[in-house]
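Asker: Fold the following.
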Amino acid sequence: MTATLCADAAAVLADGRAKMVIGFRTLGDRRKPVFITDGKMAEMLVSDAECRQNLAAYLRKGELKRFRPIALVARPAVMRSLVVLAAETQIKPADVLVLAVGENGEYHGVLDLAGATALLKEKYPKLMPPEETLKLLQELAAMTPEERAEFWKAEFAKCTRCYACRAACPGCYCTRCIVEKNVPQWVSAAADQHGNYAWQVIRAFHQAGRCTLCGACEAACPQGIPLMALNVRIAEDVAEEFGVRPGEDPEAKPVIGSWSADDEEDFIR
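Answerer: The predicted structure is shown next:
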């Protein structure tokens, strides 16, 4: 699979289908993003379970716009992120090619966004969260509301407000985040109980109907906060209430920012 991936990366650069390939390379015992514009360098690409970063987060970087179209090494959750970005008009389908990697080491070749969307529907209609996340959700479900509040209070207390989770997420693309605004200041910028709780809840709710469960935010968190438990729980509610799983349709209207005259209003009391 790796040899074919490298060959395809070199080919799309050679024939002009892409001006840059973004993938992973080995650095010591880690996997680091690599930005390749010369096909001769494509042989350094690797793809395995350690490649956890969501490379779709780079596509809106201003310094990379001149390299579009960009070929991205993408596993299914990352492909879903590309679909979400297209649905939110943050990228154009012509901006990206997908070097499609499967969940179990399969390689599906070079796809355009339409091809990646079809692959997701055929092969990866539902992505499962990690087992440890599902176990934690079961434990949280068994708690009282007060116990859950104390659990998250303790977890959020660890947050240093480094915003690594935000940087890792392709869905966090605001030019200026609300937590950085100080006129007026809606959220405390200090790494304290009130500010941390507000930041984490805002982050999670802004991903409602948009999070593709790639896990990049939790992987980036230096404090080990189980952010995926929040993401998965909200994703379950969105699927139940709105019938939406993000990343299925690049033409779909985002759950946040759209409405229907047929929406129920049972929540109004």
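Asker: where in the chain is pLDDT low?
Answerer: In the prediction, the chain carries residues with pLDDT under 70 at positions 267-269.
Asker: Go ahead and report the secondary structure state at Pro129.
Answerer: When the structure is split into helix, strand and coil by DSSP: H, G, I helix; E, B strand; the rest coil, Pro129 lands in coil.
Asker: Surely it touches Arg233?
Answerer: No: using C-beta atoms under 8 Å, Pro129 is not in contact with Arg233; the gap is 10.1 Å. Just so you know, the C-beta spots here come from the backbone N, C-alpha and C atoms, and that holds for glycine as well.
Asker: hey, where'd the strands end up in the chain?
Answerer: Taking DSSP state E, the strands of the chain run over residues 20-27, 30-36, 70-74, 96-101, 107-111.
Asker: now the ones you listed in a markdown table, with distance to Gln53?
Answerer: Shown next, in a markdown table, are the strands of the chain (distance: least, C-beta to C-beta, whole Å):
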| stretch | distance to Gln53 |
| --- | --- |
| strand 20-27 | 8 |
| strand 30-36 | 6 |
| strand 70-74 | 11 |
| strand 96-101 | 13 |
| strand 107-111 | 19 |
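Asker: Tell me which of the ones you listed lies nearest to Leu45.
Answerer: Leu45 sits nearest to strand 20-27 of all these, at 4.5 Å, using C-beta to C-beta.
Asker: Surely Tyr107 touches Val98?
Answerer: No: the pair Tyr107 and Val98 fails to qualify as a contact (C-beta under 8 Å) at a distance of 11.3 Å.
Asker: can you count the residues close to the closest residue to Gly209 other than its chain neighbours?
Answerer: In space, Gly209 comes closest to Val255 once its chain neighbours are excluded; the distance is 2.8 Å by C-beta to C-beta, 6 or more residues apart in numbering. Neighbour count for Val255, taken as other C-beta atoms under 10 Å: 16.
Asker: ok, now Ser188?
Answerer: Under the criterion other C-beta under 10 Å, the count of neighbours that Ser188 has is 16.
Asker: Do I have it right that it meets His194?
Answerer: Yes: using C-beta under 8 Å as the test, Ser188 is close enough to His194 to be in contact (5.7 Å).
Asker: Could I get the full set of helices for the stretch 1-150 of the chain?
Answerer: Taking DSSP state H, counting those that start in this stretch, the helices of the stretch 1-150 of the chain run over residues 2-14, 76-87, 113-123, 131-141, 145-156.
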